[in-house]
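**Student:** Everything below, folded, please.
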Amino acid sequence: MLAWSLGMAAAAAMGVIVAAASRQASPATVVALLALAAAGVGGLWLKRPKSSLTRLRHAFAWTLAVATACLLSGGLAGPFAVLCLVPLAVVVMLRAPGGPPLGLALSLFAAAVALLGQATRLSPPGPPQPLASALALGALLGLATAMALALRLSQRRARVRSPAAAPTPVAAPAPAAEAAPAWLEAQPGLLLWLDPDGVVLARHGEPPPGLPPPSVSESLVNYAALASRLDLQALVRAAAAEGRAEGDFAPLEAPDRVCAISLRRAGGGGLAAAVRDASRERWREAELEAARAEAEALNAGKSRFLASMSHELRTPLNAIIGFADIMRAKLFGELPPRYADYAQMIHESGSHLLDLINDLLDMSKIEAERYQLQREVFDAREAVNAALRLVRLQADTAGISLRGVLPPEPLEVDADRRALKQIVLNLVSNALKFTPPGGSVTVAAQYAGDELELQVSDTGIGIAKADLERLGRPYEQAGDADQRARGTGLGLSLVRAFAELHGGAMAVESEVGEGTSVIIRLPVRPGPAAAPAPLAGGAEIIPFSADRR
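**Tutor:** Numbering: from 1, shown residues only. Reported below is the predicted structural model:
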């Protein structure tokens, strides 16, 4: 800024001399030159403005000086019109707040003042043509010379500040330890300043408890145990190349401990590193990982045990159900009425227990990844009808309407017949449990593109939104205690598991008091099938059981 002010003051002084020598300049022109000279002298006195307010004041002073000079010398038609660019140049060189937009606004303001003075004839006539040309040329040369001097000076200062211009290049100058603020030395961690090769240039703070600090002017790699040095060296190289790196290493003085280090590339190519003791964290993580592995092993062992107990559990239970059925049928003679009631209760309880065991064993097989799908091509309507026949008596006894909405043409699928039947059976059984007498349950099956879509809808009590997120997970149930006592929470989880084994998915839609709709989509359509002959009854939808009560 000193060079700029000196150049502009000298140009204004030369203009005064030229005007005085020509004896053709008016007093207004001389005053205009003196205003420019005053602004230049003020810049010489100001030298290097540091505060933002001082820079703004200097920019506004030059704006007023230029506007006054233009106003007193003929406006924009006068010799000093080119100086309207001075405010923009001053703002840029001073780096004043507002930047180039502010400078441009100030330049436009000076030009507007000059134009207004010229339009309203407030500006006196400019000097004669020869003198006006000389003053305009002088103003232009002064502006160009001052800007060139200022640019040259700023480049020289930039080279002086640049580390690359130092006689002895240093990649990352180390900050002096004595110059570090007190809070930097008192912070609880260890901060290091490294060169790109990992040599410690400075350190601040405290090392991990029980460990000495790394030595200055030595490689940080030497601070690590032998087994960790290659890893630490790789972290330093990664931080120098990519800008950041994080990892662990074992310190040389305590190889059984773990230190965490974070490295960041800083200015000048150096590296900033933060080191802290992470032994407790890593030990805790190891304990959690071991506990998780143990829990997974126990869970897998439980699943394998239950899956392998299929024969041992089912065989005696089937015998109990079979003998109870013989007693109910009175194959070997009449029984007292009370014994007949007991046989009926044994049969019902055994059948219920067998259903629960089958669900539990199926889920255990799926969790143990031992369930194998037996895929075959068949008509999905057969599996749906088979499931509906099994629960028809239950629906009639409960007074619930059970309907199956199936298309007249076959629904050929490539799937596990038993799994598909189990999906329908579990969904319908759930719907019947939670549908009051007089309600209805509807089962629909159809193609949806390349997928088989099964939908089971009921008019039951519905499911709260808070419970919808948990449904489908093993042993999770919705509703109150009375409703949860009606099952084990495996029905929907088995449905979801069977659907996912086929590559499909399950979706549940429900409103409390409005009923529930469960949709299963399975990508099991074997491909474009030829149009078969329609079933008996033409092309109408065939209900399985219409409004049974």
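**Student:** The chain - how does it break down into domains?
**Tutor:** The chain breaks down into these domains under automatic domain parsing: 2-163, 184-277, 283-367, 375-543.
**Student:** Would you single out the least confident of those?
**Tutor:** Set side by side, the domains of the chain differ in mean pLDDT, and domain 2-163 is lowest with a mean of 68.
**Student:** quick one: contacts for Asn222?
**Tutor:** 214-215, 229, 252 (C-beta atoms under 8 Å, 6 or more residues apart in numbering). In this view, the C-beta of every residue, glycine as well, is placed from N, C-alpha and C.
**Student:** what do you get for Ala497?
**Tutor:** Ala497 makes contacts with 363, 366, as judged by C-beta under 8 Å, 6+ apart.
**Student:** neighbours around Ala290, how many?
**Tutor:** 10 (other C-beta atoms under 10 Å).
**Student:** how near is it to Phe323?
**Tutor:** 49 Å (C-beta to C-beta, to the nearest Å).
**Student:** residue ranges of the strands in the chain, please?
**Tutor:** Counting by DSSP state E, the chain has strands at residues 190-194, 200-205, 244-249, 259-265, 271-277, 375-379, 401-406, 412-416, 440-448, 451-458, 505-511, 515-522, 542-543.
**Student:** most neighbours, which of the contacts of Asn222?
**Tutor:** Within the contacts of Asn222, most neighbours by other C-beta under 10 Å means Pro214, with 22 neighbours.
**Student:** so what's that one closest to, chain neighbours aside?
**Tutor:** Spatial nearest neighbour of Pro214, excluding adjacent residues (C-beta to C-beta, 6 or more residues apart in numbering): Tyr223 at 4.2 Å.
**Student:** tell me the contacts of the one you found?
**Tutor:** Tyr223 sits next to 214-215, 232, 251-252 when contact means C-beta under 8 Å, 6+ apart.
**Student:** still on that earlier bit, out of the strands of the chain, which is closest to Ala238?
**Tutor:** With C-beta to C-beta as the criterion, Ala238 lies closest to strand 244-249 of these, at 4.0 Å.
**Student:** tilt between the closest one and strand 271-277?
**Tutor:** Per axes from the mean of the first three to the mean of the last three C-alpha atoms, to 10 degrees, the angle that strand 244-249 makes with strand 271-277 is 30 degrees.
**Student:** Export strand 244-249 to PDB, keeping only CA atoms.
**Tutor:** Coordinates of each C-alpha in strand 244-249 appear next as PDB, following Å, rounded to 0.1, in the frame of the first residue of the first chain:
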ATOM      1  CA  ARG A 244      -5.100 -39.000   7.000                       C
ATOM      2  CA  ALA A 245      -4.700 -42.400   8.600                       C
ATOM      3  CA  GLU A 246      -5.700 -44.100  11.900                       C
ATOM      4  CA  GLY A 247      -4.700 -47.300  13.500                       C
ATOM      5  CA  ASP A 248      -3.200 -49.100  16.600                       C
ATOM      6  CA  PHE A 249       0.300 -50.100  17.600                       C
END
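**Student:** Can you tell me how far Asp396 is from Pro437?
**Tutor:** Distance from Asp396 to Pro437, by C-beta to C-beta: 11 Å.
**Student:** and these two? which has more neighbours close in?
**Tutor:** Neighbours per residue (other C-beta under 10 Å) separate Asp396 from Pro437, with Asp396 holding more: 14 against 9.
**Student:** State the distance from the more buried one to Ala260.
**Tutor:** Counting by C-beta to C-beta, the gap from Asp396 to Ala260 is 69 Å.
**Student:** now Asp416
**Tutor:** Applying C-beta to C-beta, one obtains 51 Å for the distance of Asp416 from Ala260.
**Student:** So which of the two has more stuff around it?
**Tutor:** Taking neighbours as other C-beta under 10 Å, Asp416 and Ala260 compare with Asp416 leading, 22 against 17.
**Student:** Quick one: neighbours of Val377, just the number.
**Tutor:** There are 13 residues near Val377, going by other C-beta under 10 Å.
**Student:** pretty sure it contacts Asp414?
**Tutor:** Yes: the pair Val377 / Asp414 is scored as a contact, 5.1 Å apart, by C-beta atoms under 8 Å.
**Student:** Overlap in contacts, the two.
**Tutor:** Common contacts of Val377 and Asp414, defined by C-beta under 8 Å, 6+ apart, comprise Pro526.
**Student:** which non-adjacent residue is nearest Val236?
**Tutor:** The nearest residue in space to Val236 (C-beta to C-beta, 6+ apart) is Gly198, at 4.0 Å.
**Student:** Quick check: the one you found touching Glu218?
**Tutor:** No: Gly198 lies out of contact with Glu218 (C-beta under 8 Å); the separation is 9.6 Å.
**Student:** Who has more neighbours out of these two?
**Tutor:** Gly198 (23 against 12).
**Student:** quick one: contacts for Pro208?
**Tutor:** Neighbouring residues of Pro208 by C-beta under 8 Å, 6+ apart: 190, 251, 257, 259, 275-277.
**Student:** let's go with 7 Å and repeat that
**Tutor:** 259, 276-277 (C-beta atoms under 7 Å, 6 or more residues apart in numbering).
**Student:** What distance do you get for it to Glu281?
**Tutor:** According to C-beta to C-beta, Pro208 and Glu281 sit 12 Å apart.
**Student:** Then Ala380?
**Tutor:** From Ala380 to Glu281 the distance is 54 Å (C-beta to C-beta).
**Student:** on that earlier part again, for the contacts of Asn222, which two are the farthest from each other?
**Tutor:** Using C-beta to C-beta, those span at most 15.2 Å, a distance reached by Ser215 and Arg229.
**Student:** Appreciated, that's everything.
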